[in-house]
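Visitor: Please work out how this folds:
(chains A and B)
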Protein chains: 2
Amino acid sequence: MTEANWGISETDVLSTIGDALDRDAEAVLATIIGVEGSAYRRPGAKMLIEDGSGIGSLTAGCLEDEVKGLASEVIEDRKPRIETYDLTGDDDIWGMGMGCNGVITVLLEPLDERYRPVVEKVLNGEDRGVVTVIAGDRPLGERGFYDPNSGFSGDLPGWACEKLTEPTATLTERGATNTMEIETTEGSIEVFVEGIEAPSNLVVVGSGPDVNSVVELAKRVDFRVTVVTFRGALASSDNFPDADAVRATSPTQIHDDIDFDDDTYVVVMTHNFIDDRLALSEFIETPVPYLGLMGPQERFEEMLEDYAEEGITITEDDMNRIYTPIGLNLGGDSPEQIAYSIVAEVLAVANNRIPQHLTERGGPIHERPEMPLNE
Amino acid sequence: MTEANWGISETDVLSTIGDALDRDAEAVLATIIGVEGSAYRRPGAKMLIEDGSGIGSLTAGCLEDEVKGLASEVIEDRKPRIETYDLTGDDDIWGMGMGCNGVITVLLEPLDERYRPVVEKVLNGEDRGVVTVIAGDRPLGERGFYDPNSGFSGDLPGWACEKLTEPTATLTERGATNTMEIETTEGSIEVFVEGIEAPSNLVVVGSGPDVNSVVELAKRVDFRVTVVTFRGALASSDNFPDADAVRATSPTQIHDDIDFDDDTYVVVMTHNFIDDRLALSEFIETPVPYLGLMGPQERFEEMLEDYAEEGITITEDDMNRIYTPIGLNLGGDSPEQIAYSIVAEVLAVANNRIPQHLTERGGPIHERPEMPLNE
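Guide: Model (predicted):
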């Protein structure tokens, strides 16, 4: 039951799918397409099955073996199938095993080349939508791929794409999923619409010994991490082994080879007052939603005074995205504990959550504040 | 500046001190005994210096080299010394380097056998107090060791112990520090009083693939982690390599070889309804301050119904220490993200913090809600 590759990140699952395609491997992709009640994971959760072993997770380890057992059939049949597991009964093995009240529907499909562009684009930082026919007048598994810039490609009929474009755009933007029924005079189908978001970017500005803990923890929770140092000598991936990229630059040239978009989160921790001040004033020009600044409140107030003298305006909106002192109030002052509170804060902001106890919150765990999907 | 052992946990620093004592090594122990303003770390932060390299952290990497440079002198002189670093000046190298406004005072002392009991007891789960003379009528570095059960041992004069017993007891219980002046007719001294808390215990009940992420993250933030499984076959440290201990037991025998005290935090994640229900009803009999239960709210409500039928009472206090759904609301549903939110919650509860953004909180970062010390 305990499997090395069970807990890997969504990004690593996608990379593994890419590798399997490169190797032209006979693999099966299993995707949760429906959950009634609660479950450990949400629709869209994926496990790639190759040679009887799985990469990625669908449940807390209870359904994986069952699903893996079907892979060989799926490969023989050369066609997708849908399996539904009812985990609600306390008296049946699943209900007890899952520790949840859900009915989980899984799509199994032979992995094929059609999936390659999704993997490549998402790993390259672009969001994609995948729409799969799961019932109705069109074949099970028929699929459309949605590009926010160019719309649908794939096998879906025009009448379906027409109806699906707007909701798919929304879901893709949010990295959310939904099941929808399309009914037209030309036909009616039920589809699983899946928005696959590229991993969020975390830029850590600094080169001190406290940087690596932030990088390592951020990688665990699936950020794409770039370390930016103003000390060229330290700009080696040997110094920041877990980072996806390491850049040496100067505060004023910081934009040049990094795209600071609205899904990029920035942690400023050079521990150098002037470097921090210069860097922060540059980031304020970008749309990044999070600017975490290491150091006490007084230090930031000194910066604000300097900015005022320099004629640099810090707006109310800027103040709302500047987090200093950085991190959630979790306590502990060891380097690992400080890094933990920083990454916890970035995660909450990136997911648009109020970082309180879930038990205080009520409502479904997986609900997104802006719009409940697939609850 | 980036050093492999810079970021290790307090517990690992203590273990290293123990090792150095066993090897009868010529080592110097550096301890922050005072901070004015803000700094990266609090008083009590320790670095052990041996052969010119340091284990542990005093600052964000700026003072470590400076302090290490003094170690050989301290070993030659065979006596403690106190160094004060003023990091407030923006125009001096420290002020810029530290990124903080603090004045940091460091005690350097040759490591000696007197420290061994502290290390051994704390690593064994007991709290200890250490009182060190830093000025006044008694020699610098003269020291008393406080045992919550038996009081002071060491070199401190009786008149000092008398005055220090009560505050030292309080600080030891809280793992906090303070600097105090004792003035009596017999003499007056200034002392640094340090409460060294044993690491908090986390008991993870479960054996699924999702357990290890919780264990690994909890170790990073310095919990002593015991995995409890009800599946004997899985009770091997091979399955949970980062755990300090792995126990196979049954829900009803769970107390037998684990001490569930008021500094023990419990995460119940067997994903088996009946096992969870039985285990939770046992833990309710213990004083543990945190009972995290994996699974949706509805599942816990089913448990409450069963408890009611069985005549098991869940009090208001119990409800306040039962956290389900478990974890902080950080978003993300991957196994690593779920584990991250669980450990973030345990950390906040263990440190008696409200897990909000520090920037919303105001006040000194390191302030403890119950009583501000050493601010």
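
Visitor: would you list every one of the helices in chain A?
Guide: According to DSSP state H, chain A carries its helices in the segments A:10-22, A:64-68, A:71-77, A:93-98, A:116-123, A:158-174, A:211-220, A:273-283, A:297-310, A:316-321, A:335-350, A:358-361.

Visitor: got a list of contacts for stretch A:160-172?
Guide: Surrounding stretch A:160-172, the residues in contact under the criterion Cβ atoms under 8 Å, 6 or more residues apart in numbering or on different chains are A:127-129, A:131, A:138, A:144, A:146, A:148, A:151-152, A:156, A:176-178, A:180, A:182, A:184, A:187, A:189, A:191, A:193-197, A:373. For glycine as for every other residue, the C-beta is placed from the backbone atoms N, C-alpha and C.

Visitor: Out of those residues, list just those in strands.
Guide: Secondary structure of the contacts of stretch A:160-172 is defined by DSSP state E; positions in strands are A:128-129, A:131, A:144, A:146, A:151-152, A:177-178, A:180, A:182, A:184, A:187, A:189, A:191, A:193-196.

Visitor: which of the residues you listed are buried?
Guide: Among those, those buried by neighbour count (16 or more other Cβ atoms under 10 Å in any protein chain shown) are A:128-129, A:131, A:144, A:146, A:152, A:177-178, A:180, A:182, A:189, A:191, A:193-196.

Visitor: nearest to chain B, of those?
Guide: Set against chain B, the nearest of these by Cβ to the nearest Cβ is A:Thr177 (11.3 Å).

Visitor: ok, the closest one touching A:Lys46?
Guide: No: assessed by Cβ atoms under 8 Å, A:Thr177 is found out of contact with A:Lys46, at 11.4 Å.

Visitor: Common neighbours of these two, please.
Guide: With the criterion set as Cβ under 8 Å, 6+ apart, the contacts of A:Thr177 and A:Lys46 do not overlap.

Visitor: ok so, going back, let me know the closest of the buried ones among the ones in strands among the contacts of stretch A:160-172 to B:Leu358.
Guide: The shortest separation between B:Leu358 and any of those is 32.0 Å, and it belongs to A:Gly195 (by Cβ to Cβ).

Visitor: Could you pull up the contacting residues of the closest one?
Guide: Neighbour list for A:Gly195: A:Gly44, A:Asp127, A:Arg128, A:Gly129, A:Thr168, A:Leu171, A:Thr172, A:Glu173, A:Arg174, A:Gly175, A:Ala176, A:Thr177 [criterion: Cβ under 8 Å, 6+ apart].

Visitor: Also A:Val106?
Guide: A:Ala30, A:Thr31, A:Ile32, A:Ile33, A:Leu58, A:Leu63, A:Val67, A:Ile82, A:Glu83, A:Thr84, A:Tyr85.

Visitor: redo that, cut-off 10 Å
Guide: Contacts for A:Val106 were tallied using Cβ atoms under 10 Å, 6 or more residues apart in numbering or on different chains; they are A:30-34, A:43, A:45, A:47, A:58-59, A:63, A:66-67, A:70, A:81-85.

Visitor: which of those residues count as buried?
Guide: In terms of neighbour count (16+ other Cβ under 10 Å), the buried residues within the contacts of A:Val106 are A:30-34, A:43, A:45, A:47, A:58-59, A:63, A:67, A:70, A:82, A:85.

Visitor: Quick check: pLDDT value at the nearest residue to A:Arg174 once chain neighbours are set aside.
Guide: Closest residue to A:Arg174 apart from its sequence neighbours, by Cβ to Cβ, 6 or more residues apart in numbering or on different chains: A:Gly195 at 5.9 Å. According to the per-residue confidence, A:Gly195 scores 96 in pLDDT.

Visitor: tell me which residues form a beta bridge with A:Gly195?
Guide: Applying DSSP bridges to A:Gly195 yields these beta-bridge partners: A:Gly129.

Visitor: same deal with A:Ala245?
Guide: Beta-bridge partners for A:Ala245, by DSSP bridges, are A:Thr226.

Visitor: And A:Leu29, by the same measure?
Guide: Following DSSP bridges, A:Leu29 is listed with bridge partners A:Leu48, A:Glu109.

Visitor: In contact with it, which residues are there?
Guide: A:13, A:17, A:20, A:46-50, A:56, A:71, A:74, A:80, A:107-112, A:115 are the contacts of A:Leu29 under Cβ under 10 Å, 6+ apart.

Visitor: picking up where we left off before, ok, which of the buried ones among the contacts of A:Val106 also contact chain B?
Guide: A:Pro43, A:Ala45, A:Thr59 (Cβ under 10 Å from any Cβ of the partner chain).

Visitor: Which residue comes closest to the second one once chain neighbours are left out?
Guide: For A:Ala45, the nearest residue in space outside its immediate sequence neighbours is A:Ile32; the separation is 4.5 Å by Cβ to Cβ, 6+ apart.

Visitor: likewise the first one?
Guide: Using Cβ to Cβ, 6+ apart and skipping residues adjacent in sequence, the residue nearest A:Pro43 is A:Thr177, 4.4 Å away.

Visitor: Settle this for me: A:Asn124 is touching A:Ala198, isn't it.
Guide: Yes: under the criterion of Cβ atoms under 10 Å, A:Asn124 is in contact with A:Ala198, at a separation of 7.4 Å.

Visitor: Between the two, tell me which one has more neighbours.
Guide: Neighbours were tallied for A:Asn124 and for A:Ala198 using other Cβ atoms under 10 Å in any protein chain shown; the higher tally belongs to A:Ala198 (18 against 8).

Visitor: Show me which residues of the stretch 101-250 of chain A are close to chain B?
Guide: Taking Cβ under 10 Å from any Cβ as the criterion, the contact residues of the stretch 101-250 of chain A with chain B come out as A:101-102, A:206-213, A:216-217, A:219-222, A:231, A:234, A:238-240.
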